[in-house]
Structures are given as C-alpha cells and as structure tokens.
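Chemist: Need coordinates for the below:
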Amino acid sequence: MAFRRFQSRIIVVFMGLFFLVLAAMLAAVDRVNTQHARAQISESLNIGGRAFVRLFDARSERLMEGVRILAGDFALRGAVATRDRDTILSALANHGARIGANVGMLVSLDNLLLVNTLQPQAAPAPFPFTRLTEIAQLNGQAGSIVFLGDRMFQLVVVPVYAPDPIAWVAMGFRVDEKLVQELRTITSAHVSFLRADPDTGEWSVVATTLPPELRDGLQQQLPSNVIGRNEPFALNLADGEYETRVLPLAAEDDSPVVAVLQQSLDEALAPFYHLRLLLIALTGGGLLVSLAGSVVLARRVTKPVAVLAESARAIGQGRYDHRVELRQQDELGELAGTINHMAQGIAEREGRIRYLAYHDELTGLPNRVSLEEHLQPLAERAGTAADDSRDGGGTTPGTGEVERRREQPPRAAPGAAADDKVGLLVMALDRFNDINHTLGFQVGDRVLQHV
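Modeler: Predicted structure coming up:
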C-alpha cells in the first residue's frame, strides 16, 4: 500500500498536523466571532430597549399634551355641556387628526361612552376601561395599552373641566405595522407586539416587522413565562437564531402584552463571514504550500534513506566495496560515514577470518583445509580420467587389481596437462616434542617458523 512508504507517511503526517492546526484556528476564530456578535447584539438590544421605552413614553406624553389642549378647548366644553354630539364628534376628529391620533372618545363621569370616532353612529355604551378614569380622577391623567376589538391602542384619558370635571376625553394611537416600522428604524431591531391569551397563555402577534414566515415561529417559540426576563435570550426561528429581549407593557385587561425586540445572529455575523471565507481561502492556500513543502521535504529525507538502504542491502549481500556517497552535514551524513566505516571494518574482519581459515597462524603457510581445497578439483579430474580409461578396456578389474590401485597413487590420465601433475612433500621434525618440553613452546614456535 502507498502509506507503507516512508515518504507517503511523512506527507500525510505533516498535512494532517497542519490541517488540525488550521481547523483549530478556524474553530477558535469562529467561536470568538460568535461570542463577540452575541455580546454586540445583547448591548444593542439593551440600548434599543431603553430607546423603545423613551420613545413610547414620549408618544404617550405627546398624546397626553394634545388631549389636555383638546380638553381645554372652549368649544368642546360648551358642546359637552350641551351634549351636542355632532360638535363633540367633529372636535375629536379634527384635533385627533392634528396630533395623529387614531381614535377619540368622550366619556361621561358615570363611565358612559358617549362619542367614539371609530363608531360615530353607535349609541352610548359603558366605557370598558373604568380603571383609567379612576386613575385620571386621582392623578389628573392616565394612560395604558388597550384593545378595541382585535386592534391595539396606546390610550390616554384626561378630565374636561368647566371648572369642575364634567367628562373624560380619551384619545389613542393605534399600535400597527406603521408604528413598529418607525420603532425598528430607531432601535435597529425587529419590533413585535404580542398579546397572551388569558386562558391558554398562547401568544398572538398584534404587529411585527418580522417577515410573515417568521410570525408563527415567534408565537410558538416565545415562552409563556417570558415576562420578567431582564436579559436577552436566544430564540430559534425558521431562518436562524435571534437574540431576543422582552419588554412588558401595561395593559387594561387580563391579557399580558409585551414588546419584543430581536436581532438576527446571522445578520450580526455577516461581516465576520467575509473574514471566515478569507481564512478558509488562506487555509486552502496554506494546505497547498504545506503539501508542496511536505513533498520536497519527504523527498530530501527519503532519498538519502534510500541510498543508505541500498548500501545496507549491498553489505548484506557481501559487497563491502560499495560506498555511500552523501554530502550532507547532518545526522544522515554521519550515518553514511558510519556505514562506510562499518563496511570497511567488516571487510577487514572477513579477510582476516578467511586468511585464518586457510593459513596457519604461526607460520603463515597454507593449512590442510587450503591444501584439500586445492587438491580436490585436481583429484576429481584425475579420478574421472582414470575411470574413463578403465571403462574403455572392456574388462572388469578383479579384487587384487582394485587393491593394488588403491595402494598406488593416482596417475594422470592420458592426455592430461602437465599442470595437473601434483607432487606432495611431507616433512617431519624428529624430537620436536623434546624441544617444546625442554626449551619451551616459544622456542618450538621459532623453530617451526625458521624451518
């Protein structure tokens, strides 16, 4: 397999380590960016929440001031005193148009709704928000969130004096898509108004800047116990995660009403996505450079190793004259020099062993093993030639003839070269043991060397 090669393993290890380092770096940068984006969104929602409260209070104050001006209008007070319904309705509509109010009401002191600009022809009916008239009687004014049908209003109530209170004037701004768009422009966050069902606790969206496909998710994902949370929290909608801050609003019925400020985490991370793409591109370029460097390094490392392996293989085959040629001033160069010295040492030792195997160490003369190896091929050729000569005679030698041939030294075959004739001289030193015993073995060795 490819990964059994040393070069492949070097490349894989270097590339794997480099990839792990880059992946860890990308993960760390992505985590830091996400935490930074969350912190920015949280701070932005806190600032947006304060801006929202101030804006909502400012709208209430503007509405309150406009209603006070209307309540002090002489014509309105005269119309109220005479119960001139048409004049009251005209004054409420005209003044409401000047201050941007969407609804105007006149309420009697006994909480009977006399005039309503939303239902000009309606007969007098009980005023549904009696708590506001009670607060206005104590404080001179009152304001809250109310619902007229399915529509949500920011309503204020002030008394009409002449000079004592003779009625209540109520006016309100409608909380609708136009309002939430204005609030989004100021707070830089998605703004939603939701109302909770008093029986089931399920939320319903009154107005929101979220796309239609996200409204159902907001209604379903918003917790029922969200009122009282002062810190932003994460909410998963269809297109991603949103950091959410909830602001409770005062309402006149038993249904909790909240304003929800949200910012998309993906939108906050959008500037960091360019950085992520840049880091990924740099990572890809770094991997290519690392791959090229790993290949070059692996070749520079494995080429000397291959040369060393070839030298070791030659030494294993008995070729000690094969020298390693590596001109490197590093560990591999030192290893090459060591292998060369080792081969030279092995060659010298084998030469010494071979010399001792075929020579007498004392005299330096060839020993019996050398003699046998020298005579063996000559004897084999002479014996083969003699056998051929006997076979050519056509007779079988008898027992006596065989014995005589064994006693006689082998003769050269007819036609054999003169170089195949061998003479053997055997020498013996008489009383050599006496020399060793009387004069010592060192003297005996010197005698043998001289002889």
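Chemist: Which element is encountered next along the chain beyond the longest helix along the chain?
Modeler: The residue-count maximum for a helix in the chain (DSSP state H) belongs to helix 6-71. Sequence-wise, the next helix or strand downstream of helix 6-71 (DSSP states H and E) is helix 74-82.
Chemist: what is the rounded mean pLDDT of stretch 256-264?
Modeler: For stretch 256-264, mean pLDDT is 88.
Chemist: So which bits of that stretch are buried?
Modeler: For stretch 256-264, the neighbour count (16 or more other Cβ atoms under 10 Å) marks 256-264 as buried. Bear in mind the C-beta positions are built from the backbone N, C-alpha and C, glycine included.
Chemist: Could you export those residues as TSV, including distance to A101 and secondary structure?
Modeler: Written out in TSV, the entries for the buried residues of stretch 256-264 read as follows (distance: Cβ to Cβ, whole Å; DSSP: H, G, I helix; E, B strand; the rest coil):
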residue	distance to A101	secondary structure
P256	25	coil
V257	19	strand
V258	24	strand
A259	20	strand
V260	25	strand
L261	25	strand
Q262	28	strand
Q263	31	strand
S264	34	strand
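Chemist: which among those gets closest to S8?
Modeler: S264 (46.8 Å; Cβ to Cβ).
Chemist: so who does the closest one touch?
Modeler: Residues near S264 by Cβ atoms under 8 Å, 6 or more residues apart in numbering: 190, 239-242.
Chemist: With distance to T82, secondary structure and pLDDT as added columns, please give those residues in a markdown table.
Modeler: What follows is the contacts of S264, written out as a markdown table (distance: Cβ to Cβ, whole Å; DSSP: H, G, I helix; E, B strand; the rest coil; pLDDT from 0 to 100):
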| residue | distance to T82 | secondary structure | pLDDT |
| --- | --- | --- | --- |
| H190 | 49 | strand | 91 |
| D239 | 59 | coil | 77 |
| G240 | 61 | strand | 84 |
| E241 | 61 | strand | 86 |
| Y242 | 55 | strand | 88 |
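Chemist: in the stretch 101-250 of the chain, which spans are helices?
Modeler: In order along the chain, the stretch 101-250 of the chain carries the following helices (DSSP state H, counting those that start in this stretch): 130-139, 177-187, 212-221.
Chemist: Indicate which one of those is closest to Y161.
Modeler: Of those, nearest to Y161 by Cβ to Cβ is helix 130-139, at 11.9 Å.
Chemist: Identify all contacting residues around that closest one.
Modeler: Contacts of helix 130-139 (Cβ under 8 Å, 6+ apart): 107, 111, 127, 142-144, 146, 155, 157-159, 165, 168, 170, 252.
Chemist: re earlier: the helices of the stretch 101-250 of the chain: which one's closest to A97?
Modeler: Closest to A97 of the helices of the stretch 101-250 of the chain, according to Cβ to Cβ: helix 177-187, at 15.4 Å.
Chemist: tilt between that closest one and strand 257-264?
Modeler: 50 degrees (axes from the mean of the first three to the mean of the last three Cα atoms, to 10 degrees).
Chemist: so G143 makes contact with A170?
Modeler: No: between G143 and A170 no contact is recorded; they are 9.7 Å apart, counting by Cβ atoms under 8 Å.
Chemist: who's more crowded, these two?
Modeler: More neighbours surround A170 than the other of G143 and A170, with 27 against 23 (other Cβ atoms under 10 Å).
Chemist: ok now do the more buried one, which residues does it touch?
Modeler: Shown in contact with A170 (Cβ under 8 Å, 6+ apart): 67, 103-107, 129, 132, 155-157.
Chemist: gap between Q137 and R83?
Modeler: Distance of Q137 to R83, given as Cβ to Cβ, to the nearest Å: 21 Å.
Chemist: same deal with L55?
Modeler: Applying Cβ to Cβ, the value for L55 to R83 is 38 Å.
Chemist: just S90 next, same as before
Modeler: For S90, the distance to R83 (Cβ to Cβ) stands at 14 Å.
Chemist: between these two, which one's more packed in?
Modeler: S90 (16 against 13).
Chemist: Show the subsequent helix or strand relative to the helix or strand G351 falls within.
Modeler: Assigning secondary structure by DSSP H and E places G351 in helix 331-358. From helix 331-358 onward toward the C-terminus, using DSSP H and E, the following helix or strand is helix 368-393.
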